[in-house]
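Student: Predicted model follows, preceded by the sequence.
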Amino acid sequence: MDINFNKNEDHNKLLLSELNNRLAKVSLGGGKSRIKKHHDKGKMTARERIDYLLDKKDKAIEIAAFAGDNMYEDHGGCPSGGVVIKIGYIQGKQCIVVANDATVKAGAWFPITGKKNLRAQEIAIENKLPIIYLVDSAGVYLPMQDEIFPDKEHFGRIFRNNAVMSSMGITQISAIMGSCVAGGAYLPIMSDEALIVDKTGSIFLAGSYLVKAAIGESIDNETLGGATTHCEISGVTDYKSKDDKDALDTIKNIIDKIGDYDKAGFNRIEPKKPSENPKDIYGILPKSRADQYDMYEIIKRLVDNSEFDEYKAGYGQTIITCYARIDGWGVGIIANQRKLVKTKKGEMQFGGVIYNDSADKATRFIANCNQKKIPLVFLQDVTGFMVGSKSEHSGIIKDGAKMVNAVSNSVVPKFTIVIGNSYGAGNYAMCGKAYDPRLIVAWPSAELAVMSGNSAAKVLLQIEKASLEKKGEKITPEKESELFNKIKDRYDNQVSPYYAAARIWTDAIIDPLDTRKWVSMGIEAANHAPIEKPFNLGVLQV
């Protein structure tokens with residue numbers, strides 16, 4: 001191993017340590033004291049409920065753990081968006097579980113909470129996965145109601161999705177394990193079956209205080225909307241549970257009886273581990289996002305037996321296209337090559353940049369995978385498309401548009417791993433969040449933005465200087481350096497993978513060694529949903 005390998009390894013392991021520390025912090029939700037108060041009420045926390053429900057807690061993936069990270073500090077914060085979402089197995093069946101975290105503002109809905117819940121439903125709809133809601137929420141967070149209540153992708157969209165999923169035959173089961181009030185009361189009752197925990201669960205459109213104010217009736221919450229009321233008088237709920245574990249055991253028993261599903265038919269054989277050591281990834285991936293490395297070496301440590309069949313190996317070399325297997329599943333990989341490459345014509349092409357030929361190759365490969373019903377895996381480390389007169393005269397916009405078109409119209413499931421840079425239109429062409437990947441995750445080394453912090457700071461500095469000089473201010477070298485660093489620091493914060501994860505531009509930040517697990521579970525989920533339409537590029541300039 002050379003000295004650069006060791007430096008890279010130290011750097012990437014420090015990033016991984018930071019990731020694990022941050023995950024440990026958000027996993028505490030509202031903090032230890034609030035967890036204790038929750039336990040004192042005889043209730044399990046959101047994470048404890050999910051872990052009890054799943055067959056094996058380590059055989060699960062968590063969606064948007066960093067949702068809301070550093071976004072609502074003026075309101076006391078909102079760890080994990082106040083809701084925990086995992087994909088895992090219940091009685092051997094893959095499901096998605098959504099649990100309100102009542103240790104965070106009593107489970108109230110912030111704007112990011114709504115976005116995160118909608119993401120869970122989107123995953124369930126796309127993959128036709130059973131979805132279980134563990135409800136324990138005080139409803140909309142009123143100080144921010146204007147950002148969560150009325151719009152198309154706000155709170156009300158969740159109930160619309162309940163109805164749509166019901167019509168699609170997607171199993172939805174809800175357990176009312178705490179508060180469930182106002183409009184939020186529709187979610188469990190629009191599910192197929194609803195459970196309620198005696199004494200701790202309650203559901204009503206208006207609580208006792210509001211009832212008193214509105215119509216003058218004096219009544220306690222338990223009589224108004226407790227388990228006995230809704231299981232024996234109103235018939236709103238279907239099962240009365242004595243405590244949290246009893247409710248979760250009932251859900252397990254219901255899931256256990258669900259019949260088999262129609263399969264998409266993606267190809268899978270006996271999985272094999274990579275023959276090259278996956279831990280080498282820490283040393284291969286450079287410390288600087290500007291440095292080059294060989295993406296083939298990363299691929300070898302992600303795919304079964306470290307084997308792949310490359311498509312058009314000598315053409316368009318700044319994008320690698322190959323067939324391989326990940327945990328037994330047949331996949332088509334589209335990856336940005338980060339090495340400087342030399343073409344047959346003797347020209348040099350920059351690694352991480354998409355050229356005309358590489359865009360053309362990727363477009364053809366995407367079409368082939370769609371024809372063969374092979375899921376696509378995108379490995380992103382891209383700075384964008386090539387610029388300059390030569391590329392423009394060669395029609396880079398047209399070739400880039402073809403690739404974006406193919407990504408947009410692909411009907412096989414797509415999975416995106418942001419390894420390093422994810423800049424500008426390169427993010428789009430390599431299946432960024434806007435292009436409907438079934439799952440999109442980032443490594444701790446990732447950066448997502450229109451351009452790098454250094455490049456953006458240079459552009460913004462020129463604008464700032466021009467503005468100040470117009471006002472008659474003299475810009476000294478010292479002042480220019482100060483302005484540059486201030487702008488770069490602000491922009492660097494925005495390119496961080498945590499900034500993206502907080503806003504659910506990605507589904508998670510993961511240890512590179514968990515990549516195979518995420519892709520495998522993602523394809524297994526996608527296999528629940530047979531492909532219902534043909535691949536068609538539509539009208540396209542050629």
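Tutor: Here it is on my side, so go on.
Student: Pull out the buried residues from the lowest-mean-pLDDT helix or strand in the chain.
Tutor: Here the helix or strand of the chain ranked lowest by mean pLDDT, DSSP states H and E is helix 453-470, holding a mean of 75. Going by neighbour count (16 or more other C-beta atoms under 10 Å), the buried part of helix 453-470 is 453, 455-457, 460-461, 464-465. (C-beta placed from N, C-alpha, C; glycine too.)
Student: Longest helix of this structure, counting residues only.
Tutor: Longest helix in the chain by number of residues (criterion: DSSP state H): helix 3-26.
Student: packing partners for the very next helix or strand once past it?
Tutor: Moving toward the C-terminus from helix 3-26, the next helix or strand (DSSP states H and E) is helix 32-40. If contacts are counted by 3 or more C-beta pairs under 8 Å, 6 or more residues apart in numbering; DSSP states H and E, helix 32-40 sits against no helix or strand.
Student: ok now do the closest residue in space to Val140 that isn't next to it in sequence, which residues does it touch?
Tutor: Once flanking residues are discounted, Val140 sits nearest to Trp109: 5.0 Å by C-beta to C-beta, 6 or more residues apart in numbering. Trp109 makes contact with 82, 137, 139-141, 148, 155, 184, according to C-beta atoms under 8 Å, 6 or more residues apart in numbering.
Student: same thing with Gly328?
Tutor: Going by C-beta under 8 Å, 6+ apart, the list of residues near Gly328 reads 268-272, 304, 520.
Student: low-confidence ranges in the stretch 101-250 of the chain?
Tutor: 183 (pLDDT under 70).
Student: if I look at the residue nearest to Thr506 when sequence neighbours are not counted, how far off is Ala526?
Tutor: Spatially, and ignoring its direct neighbours in sequence, Thr506 is nearest to Ala442 (4.7 Å; C-beta to C-beta, 6+ apart). Note on Ala442: its distance to Ala526, by C-beta to C-beta, to the nearest Å, is 20 Å.
Student: And Met44, by the same measure?
Tutor: For Met44, the distance to Ala526 equals 31 Å [C-beta to C-beta].
Student: who's more crowded, the two?
Tutor: Ranked by neighbour count (other C-beta atoms under 10 Å), Met44 and Ala526 place Ala526 first, with 25 against 21.
Student: What's the local residue count around the closest residue to the more buried one other than its chain neighbours?
Tutor: Leaving out its chain neighbours, the residue that sits closest to Ala526 by C-beta to C-beta, 6+ apart is Pro413, at 3.7 Å. Neighbour count for Pro413, taken as other C-beta under 10 Å: 25.
Student: repeat for Ala525
Tutor: 23.
Student: just the one 3 residues further on next, same as before
Tutor: Using other C-beta under 10 Å, His528 has 19 neighbouring residues.
Student: Lys263 is in contact with that one, correct?
Tutor: Yes. Using C-beta atoms under 8 Å, His528 makes contact with Lys263 at a distance of 7.3 Å.
Student: Mutual contacts of those two, please.
Tutor: Common contacts of His528 and Lys263 (C-beta under 8 Å, 6+ apart): none found.
Student: quick one: the helices in the stretch 151-300 of the chain?
Tutor: For the stretch 151-300 of the chain, applying DSSP state H, counting those that start in this stretch gives helices covering 156-168, 186-189, 208-215, 221-225, 227-228, 244-256, 281-284, 295-300.
Student: Would you convert those helices into TSV that also reports mean neighbour count and distance to Asn485?
Tutor: Compiled in TSV, the helices of the stretch 151-300 of the chain are given as follows (neighbours: other C-beta atoms under 10 Å; distance: least, C-beta to C-beta, whole Å):
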stretch	mean neighbour count	distance to Asn485
helix 156-168	16	42
helix 186-189	21	48
helix 208-215	12	53
helix 221-225	18	56
helix 227-228	18	59
helix 244-256	18	52
helix 281-284	22	30
helix 295-300	21	32
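Student: want to try JSON lines for these, with distance to Phe535 as columns?
Tutor: As requested, those are exported to JSON lines (distance: least, C-beta to C-beta, whole Å):
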{"stretch": "helix 156-168", "distance to Phe535": "22"}
{"stretch": "helix 186-189", "distance to Phe535": "35"}
{"stretch": "helix 208-215", "distance to Phe535": "53"}
{"stretch": "helix 221-225", "distance to Phe535": "50"}
{"stretch": "helix 227-228", "distance to Phe535": "50"}
{"stretch": "helix 244-256", "distance to Phe535": "34"}
{"stretch": "helix 281-284", "distance to Phe535": "32"}
{"stretch": "helix 295-300", "distance to Phe535": "25"}
